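Next one to model:
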Amino acid sequence: FVEPFGRMANETCSEDEDVEIPVGQVKTRSMSRGTRKYYRYVGSLTTPPCTENVIWNVLGK
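Numbers count the residues shown, from 1 in each chain. From the prediction side, this is the model:
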């Protein structure tokens, strides 16, 4: 599920460049959902270049 996003980012973005990547429809049925809880926050990538202003959506337990 996540792999295509990483590949698109590597192919499209260079360091210190803002780029929007259209992802189309995301089929959430492929995600494990045992809850309706989720957390959303603005942060940064966890690996270099640690780009900021990334929106993280995290499913709760």
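
Bridged to residue 57, which residues?
Beta-bridge partners for residue 57, by DSSP bridges, are residue 40.

Next, count neighbours for it.
9 (other CB atoms under 10 Å). Every residue, glycine included, has its C-beta placed from N, CA and C.

which residues touch it?
Taking CB atoms under 8 Å, 6 or more residues apart in numbering, we find residue 57 in contact with 38, 39, 40.

The same query, at a cut-off of 10 Å, please.
Counting by CB atoms under 10 Å, 6 or more residues apart in numbering, residue 57 makes contact with 26, 38, 39, 40, 41.

okay if I get the residues you listed as TSV plus distance to residue 61, neighbour count and pLDDT?
Below are the contacts of residue 57 laid out as TSV (distance: CB to CB, whole Å; neighbours: other CB atoms under 10 Å; pLDDT from 0 to 100):
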residue	distance to residue 61	neighbour count	pLDDT
26	21	11	68
38	11	10	83
39	11	9	87
40	16	8	88
41	17	9	89
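
For the residues you listed, give me CSV that also has distance to residue 7.
Shown next, in CSV, are the contacts of residue 57 (distance: CB to CB, whole Å):
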residue, distance to residue 7
26, 15
38, 25
39, 26
40, 24
41, 24
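
Now the two most distant members of these.
Pairwise distances among those were taken by CB to CB; the largest, 18.4 Å, belongs to 26 and 41.

Which parts of the protein are strands?
Here the chain has its strands, by DSSP state E, at 38-44, 52-59.

Ok, which of those comes nearest residue 20?
Among the strands of the chain, the nearest to residue 20 by CB to CB is strand 52-59 (11.8 Å).

in that closest one, what counts as buried?
When burial is assessed from 16 or more other CB atoms under 10 Å, strand 52-59 yields no buried residues.

what angle do it and strand 38-44 make?
160 degrees (axes from the mean of the first three to the mean of the last three CA atoms, to 10 degrees).
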